[in-house]
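Participant: fold the following and give me the result.
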Amino acid sequence: MPNCPQCLKSFSSARRVAAHLAQPKSKCHAWQRERLGLSLHSSSLTVGSTPNSSPSLDGFHDLPTCDGFDVVQPVHDAIDTFVPFGDSNFDGEEGIWNPSVAESAALLAELGQGRQIQPFSSAGEVFDTGETFLKRFELDPFSSFHRTNLYYPFSGLNDWEMANFLLMSASPVLLSIYSINRLVLRIIATSYPTKSPAILYFRDSLECIEALFNHPYYADHMMYTPFRVFTSAERVVREFSEWMSGDVAWRMQSKLPPGATLCGVILSSDKTHITNMCGGKVAHPLLISLANIKMAVRNKASSHAFLLNALMPVVEFIHPVHRICSVLEARLFHKCLDIVLQPLKVAARIGRMMSDPAGNLRHCFTPLAAYIVDTPEACMLACIRGKTSPVTMASYKDFGDAFQHERHTGARTLSQLSRIQCDPNDVERYFALCKDFRLSGVAEPFWRNWPLSDPANFLTPEPLHHWYRKFWDHDVQWCKNALGAPELDFRYSVLHPIVGMRHFKDGITALKQVTGRAQRDMQRFMVAVIGGAASRDVVIAVRALMDFRYLAQAPRITSIIQDRIKATLAEFHNHKDKITEEGLWRGAESGSALNHWFIPKLELMQSIAPSISELGAPVQWSADTTEHAHIEVIKEPASTTNHQNYDTQICRYLDRVERCRLFETATRLSTLGDADDTHDQDLAVEDDGAEDDELNMADDEDAMAILKDIWSSRRSVLDFFGVAEKLRAALPGSIPHPVRTFSSGATTLRINRRPSIKCISIDKAAELFDIPDL
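Facilitator: Take a look at the predicted model:
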């Protein structure tokens, strides 16, 4: 464990050591300044900081800190951030300082070398002291009862634990013991008849954003200021990672008042089946999240960073023309979004004072940063007809072009809608007039009055559907037609099994329901499988798309890698004609060879490289997290219902779960605070400020452990050494033989239950694995 080089106190991480040494009144801080030869009073401050910014770690919150990513602030106090720690930094008794990689980067930045970070000036300022999570709990109307009984309205801890178990139980019988009647629903009026009423279930979208912005679990993973990262002091090569590192966030911040905090809103919607075998019940959830949360945390399903904002109505319109029914459904969806997102639009226009996890009050604006959807729903949100790109002016005949077409901005769409001289209530005629502009017939898009929100920006690339689904729908089919299905399956089946990777022992062509994980596993081997069997140009084209996906899915992308991504896509277009010449691109139903490239996802790939500099790394916009969130917010709650009125019971279940988690968080943090107060009263008051700092550091660690226990995954790591020891000490006959887990020294081995080779002779093994002296 790293320790302080002055007082030798151990800490859990290097960051804790840095924070300990940064305490202004501690002796260790004074020792550090003397050690590095710096004055006690620095004249430079972090750009955008204010004198009343009390937390000393705000500089870390404003900048990205991912695993393996060393943040270097371009200010004079950069050396303070990375201080020597650990025994390895000092050699012998002379105390020679050997800087680590992070420390060297800090010193290089101080000298004008190394990675440079340029934060947006006069952004993310703290205006006053707000309310922390616990402060809001103390302002509860029943706070007077909490002074005598922290678990009120329960009699005590045991009563609360029993109630928590019953309320969060998956049994539909137990759910009926407590009813929460705070469902916000609205029956939406429609101009055409429907088979069932259109009922919208939703909650305040601004309160959802404020809850995420104020949540203590994200305290160390929140960003408040847009920034630009350069790989060198010359500032020639940029590095893109978070949404805050892109140009869109920078431009949005420049249009806000000085000192304002940009809170980018992330939305996601997609239909999901509630019943799998029968009934055909479908839900259409609208999820909401915050782009200020770092993508490494936001994209973890266990972080619960995506909240259910609304359950959109799923109705069937009664109209003789099926295409008009689709137009009416799209209009209803935009109308519901208008209702649900109205508070966010107001906050994006005039701002909203919100408290961050540290209790600092900030003036926040909430434009739409990203909307994660698949391709058909993206066209519906952009008010574009099918066979048209939702983000460019390309139509289906232009999908195979080797260049990016002009962007289809929201201003252009609104201008085209204004030129349609027809009553929107006359749906048939209005839809016919929209054909000239390739519009879908939606007269009032939900984003029309949302400041700083443009579909050309917030309709982000979506890796799960745009890359991996395209690989299965097209790349695999080209290879299947080039080699033949039996040969392709045989080549996959004879591949040697690798631990951690899926082995397709029966091939891939007969698979029916293929998940995104399976598609990723297939593409690991595709180039090697078709090598030597397909023609050279076909292999080059498939490999170019493979390189494109692997380069674009990196969490940090420099402008050099961005150019390589463009080059790989250009390489595919230079060799794609061989696919059509050999008849490998065939119709799914007819099976006849096609000589065109009407593939929407292929055209969307042209927008990925430009979006990197605009929106950051594309991997953060993958629908993997939101698709998994559907299990937590839709499928699991639906399994606890009586299979009647799903929407109402799903909302009540989620309300209970969220209330239980918040109540448990507040009570456990309050218990920790009370224990610390009692401990402080027992300690004698000393003048050494470092002791107080160390206690505060320990308190922070305990609080974070509580938050991780409640809000993060509780999956335990299996100790194979312990399992092997128990098996070794077990009584004879009490365990099945042979054992599959055993250890030897510092190594433990676990044998699979179904080995790939169940029986083999010694001679065959020696020949197979090339071990002549076996």
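
Participant: so L341 makes contact with N449?
Facilitator: No. Between L341 and N449 no contact is recorded; they are 10.1 Å apart, counting by C-beta atoms under 8 Å. (Glycine included, C-beta is placed from N, CA and C.)

Participant: which stretches in the stretch 201-350 of the chain count as helices?
Facilitator: All helices of the stretch 201-350 of the chain, identified by DSSP state H, counting those that start in this stretch, fall at 205-214, 247-254, 295-298, 322-340, 342-350.

Participant: which of those is buried the deepest?
Facilitator: Neighbour counts averaged per stretch over those are highest for helix 205-214, at a mean of 22; criterion: mean count of other C-beta atoms under 10 Å.

Participant: could you check the angle the longest strand anywhere in the chain makes with helix 342-350?
Facilitator: Longest strand of the chain, by residue count under DSSP state E: strand 282-290. Between strand 282-290 and helix 342-350, the angle formed by their directions is 30 degrees, by axes from the mean of the first three to the mean of the last three C-alpha atoms, to 10 degrees.

Participant: redo the helices of the stretch 201-350 of the chain as JSON lines? Include distance to H630.
Facilitator: Output for the helices of the stretch 201-350 of the chain, formatted as JSON lines (distance: least, C-beta to C-beta, whole Å):
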{"stretch": "helix 205-214", "distance to H630": "17"}
{"stretch": "helix 247-254", "distance to H630": "27"}
{"stretch": "helix 295-298", "distance to H630": "16"}
{"stretch": "helix 322-340", "distance to H630": "17"}
{"stretch": "helix 342-350", "distance to H630": "22"}
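
Participant: turn those helices into TSV, columns for mean pLDDT and distance to A544.
Facilitator: Formatted as TSV, those follow (pLDDT from 0 to 100; distance: least, C-beta to C-beta, whole Å):
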stretch	mean pLDDT	distance to A544
helix 205-214	92	39
helix 247-254	95	27
helix 295-298	92	27
helix 322-340	94	36
helix 342-350	95	40
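
Participant: got the CA positions of stretch 526-546 in PDB?
Facilitator: Backbone C-alpha positions of stretch 526-546 (Å, rounded to 0.1, in the frame of the first residue of the first chain) are rendered in PDB as follows:
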ATOM      1  CA  MET A 526     -13.100 -14.000 -39.300                       C
ATOM      2  CA  VAL A 527     -10.100 -12.700 -41.100                       C
ATOM      3  CA  ALA A 528      -8.000 -15.700 -40.200                       C
ATOM      4  CA  VAL A 529     -10.900 -18.100 -41.100                       C
ATOM      5  CA  ILE A 530     -11.400 -16.700 -44.600                       C
ATOM      6  CA  GLY A 531      -7.600 -16.200 -45.300                       C
ATOM      7  CA  GLY A 532      -6.500 -18.400 -48.200                       C
ATOM      8  CA  ALA A 533     -10.000 -19.300 -49.300                       C
ATOM      9  CA  ALA A 534     -11.600 -15.900 -50.300                       C
ATOM     10  CA  SER A 535     -10.100 -13.700 -53.000                       C
ATOM     11  CA  ARG A 536      -7.500 -11.200 -52.000                       C
ATOM     12  CA  ASP A 537      -9.600  -8.100 -52.400                       C
ATOM     13  CA  VAL A 538     -12.500  -9.600 -50.400                       C
ATOM     14  CA  VAL A 539     -10.100 -10.400 -47.500                       C
ATOM     15  CA  ILE A 540      -8.800  -6.800 -47.700                       C
ATOM     16  CA  ALA A 541     -12.300  -5.400 -47.600                       C
ATOM     17  CA  VAL A 542     -13.400  -7.500 -44.700                       C
ATOM     18  CA  ARG A 543     -10.100  -6.800 -42.800                       C
ATOM     19  CA  ALA A 544     -10.500  -3.000 -43.400                       C
ATOM     20  CA  LEU A 545     -14.000  -3.100 -41.800                       C
ATOM     21  CA  MET A 546     -12.500  -5.100 -38.900                       C
END
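
Participant: residues making contact with that stretch?
Facilitator: Stretch 526-546 is contacted by residues 471, 475-476, 478-479, 482-483, 487-488, 491-492, 495, 523, 568-569, 571-572, 575-579, 582, 584 when judged by C-beta atoms under 8 Å, 6 or more residues apart in numbering.

Participant: check the offset of that stretch from the chain's centre.
Facilitator: Taking the mean C-alpha point of stretch 526-546 and that of its whole chain, the gap between them comes to 32 Å (C-alpha atoms, centre = their mean, to the nearest Å).

Participant: check stretch 631-648 too.
Facilitator: 24 Å.

Participant: shared neighbours, L341 and N449?
Facilitator: Common neighbours of L341 and N449, counting by C-beta under 8 Å, 6+ apart, are absent.

Participant: looking at the two, which one has more neighbours?
Facilitator: Neighbour count, other C-beta atoms under 10 Å: between L341 and N449, L341 has more, with 26 against 14.

Participant: give me the nearest residue to that one, chain neighbours excluded.
Facilitator: Leaving aside its sequence neighbours, L341 sits nearest to S205 (C-beta to C-beta, 6 or more residues apart in numbering; 5.5 Å).

Participant: wait, the one you found touches I339, no?
Facilitator: No. S205 is beyond contact range of I339, at 9.8 Å (criterion: C-beta under 8 Å).

Participant: surely D204 and L344 touch.
Facilitator: No. In this structure, D204 is not within contact of L344 by C-beta under 8 Å, at 9.5 Å.

Participant: quick check: what element follows the helix or strand encompassing L727 along the chain?
Facilitator: Using DSSP states H and E, the element containing L727 is helix 720-729. Counting by DSSP H and E, the next helix or strand C-terminal to helix 720-729 is strand 741-744.

Participant: list the buried residues of that following strand.
Facilitator: By 16 or more other C-beta atoms under 10 Å, the buried positions in strand 741-744 come out as T741, F742, S743.

Participant: what helices or strands is that strand leaning on?
Facilitator: Here strand 741-744 is seen to pack against helix 720-729, strand 747-750 when contacts are counted using 3 or more C-beta pairs under 8 Å, 6 or more residues apart in numbering; DSSP states H and E.

Participant: now the first one, how far from the centre of its chain.
Facilitator: Just to be clear, that refers to helix 720-729. Relative to its parent chain, helix 720-729 has a centroid offset of 38 Å by C-alpha atoms, centre = their mean.

Participant: name the residues that touch that helix?
Facilitator: Residues lying outside helix 720-729 but in contact with it, judged by C-beta under 8 Å, 6+ apart, are I735, V739, T741, F742, S743, T748, R750.

Participant: report the mean confidence score over the helix holding L727.
Facilitator: Averaged over helix 720-729, pLDDT sits at 84.
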